[in-house]
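**Student:** I would like the atomic coordinates for the input below:
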Amino acid sequence: MGLLDNESIPRRKMTLFFVIDTSGSMVGSKIGSVNDAIENVLPMIGEISDENPDAEINVAALEFSTGTRWLYDEPKDAKEFIWQQVEADGLTSLGEACRELNQKLSRNGGFMSSPSGCFAPAIILLSDGGPTDDFAGGLQVLQGNSWFKNAIKIAIAIGDDADKDVLKQFTGSLEAVITVHNIEALKKMIRIIAITSSQIGSKSTSATDATKQEQVIEKVNKAAADVQGAETAAAPAPASGDSYDEWD
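**Tutor:** Residues are numbered from 1 along each chain as shown. Modelled structure (predicted):
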């Protein structure tokens, strides 16, 4: 019998949140790539969870356009999370998404109530534009949340029109914002960030370790350097007046 087969040793839980812009500007290849990438990475996250003696990895997904919607009412084990294809339409209610995320990042009626305890979550935000509602107010509420303060926070800016300053405010640093300019870069970075955040977010750390946020940023930025069409704070896009995007 393996260690993880012993039900007397409950593992803590770590929830990986996907927060996905499904506004009208995401229509076509952008939202199609997001659907494809997340659906395909879920089994990989499930394997990481199965092999992890410290934590079980759960997944939650919140889409925001004109309003917000959780794909499921509670986080699910990665292998049991059947991806629901999201569609693009409407505005960009990122402020409302922040408020909704704040409600779920709690033990009382939220997603952080595991009897065996929880690691801080990992949150991946994907957006291709700027908020159309009260983002500042929503973010201020969320920034007062202790789970959010300690969470791994990474954002994917999808294309030239993404508001990287907004994403920087969400993650806390520009180094935690990765910009992608084509379909393949978007798919690869979703996979890299989801796997890296799952691996690092679900392990125990010592006082001598860098923070989990710092570890994820370092590994993700290093990996992004090898992805054509991915841009980081350390390796910006070539200086040019032309658009670097290719979404056809």
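
**Student:** so where do the strands sit in the protein?
**Tutor:** 12-21, 55-65, 67-70, 76-77, 122-127, 152-158, 177-180, 230-231 (DSSP state E).

**Student:** who does the longest one pair up with?
**Tutor:** Right, strand 55-65. Using DSSP bridges, strand 55-65 pairs in its sheet with strand 12-21 (parallel), strand 67-70 (antiparallel), strand 76-77 (antiparallel).

**Student:** residues of that strand that come out buried?
**Tutor:** 55-65 (16 or more other Cβ atoms under 10 Å). Where you see a C-beta, it was placed from the backbone N, CA and C, and this is true even at glycine.

**Student:** Provide the partner residues of the residue nearest the centre of the chain in its beta bridges.
**Tutor:** By Cα atoms, centre = their mean, the chain has its centre lying nearest to residue 124, at 1.2 Å. Under DSSP bridges, the beta-bridge partners of residue 124 are residue 18, residue 154.

**Student:** swap in residue 61?
**Tutor:** residue 18.

**Student:** Need the pLDDT of it.
**Tutor:** On pLDDT, residue 61 comes in at 98.

**Student:** and it, what is it in contact with?
**Tutor:** 17-20, 38, 70-72, 81 (Cβ atoms under 8 Å, 6 or more residues apart in numbering).

**Student:** re earlier: quick one: the strands of the chain as CSV, columns for distance to residue 217 too.
**Tutor:** Output for the strands of the chain, formatted as CSV (distance: least, Cβ to Cβ, whole Å):
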stretch, distance to residue 217
strand 12-21, 16
strand 55-65, 20
strand 67-70, 27
strand 76-77, 27
strand 122-127, 12
strand 152-158, 7
strand 177-180, 10
strand 230-231, 14
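
**Student:** closest one to residue 140 among those strands?
**Tutor:** In terms of Cβ to Cβ, the element of those nearest to residue 140 is strand 152-158, at 15.4 Å.

**Student:** Tell me how far that closest one lies from the chain's centre.
**Tutor:** The chain centre lies 6 Å from the centre of strand 152-158; the measure is Cα atoms, centre = their mean, to the nearest Å.

**Student:** With stretch 16-23 instead?
**Tutor:** 7 Å.

**Student:** per-residue confidence averaged over stretch 130-144?
**Tutor:** Per-residue scores along stretch 130-144 average to 97.

**Student:** hmm, back to that, of the strands of the chain, give the one that comes closest to residue 188.
**Tutor:** Of these, nearest to residue 188 by Cβ to Cβ is strand 230-231, at 7.3 Å.

**Student:** show me what contacts residue 123?
**Tutor:** Taking Cβ under 8 Å, 6+ apart as the test, what residue 123 contacts is 17, 19, 101, 148, 151-154.

**Student:** For the longest helix seen in the chain, buried residues please.
**Tutor:** Across the chain, the longest stretch assigned as helix under DSSP state H is helix 29-50. Neighbour-count burial for helix 29-50, counted by 16+ other Cβ under 10 Å, picks out 30-38, 41-42, 45-46, 48-49.

**Student:** Next: stretch 152-162.
**Tutor:** 152-159, 162.

**Student:** try stretch 138-157
**Tutor:** 138-139, 142, 145, 147-148, 151-157.
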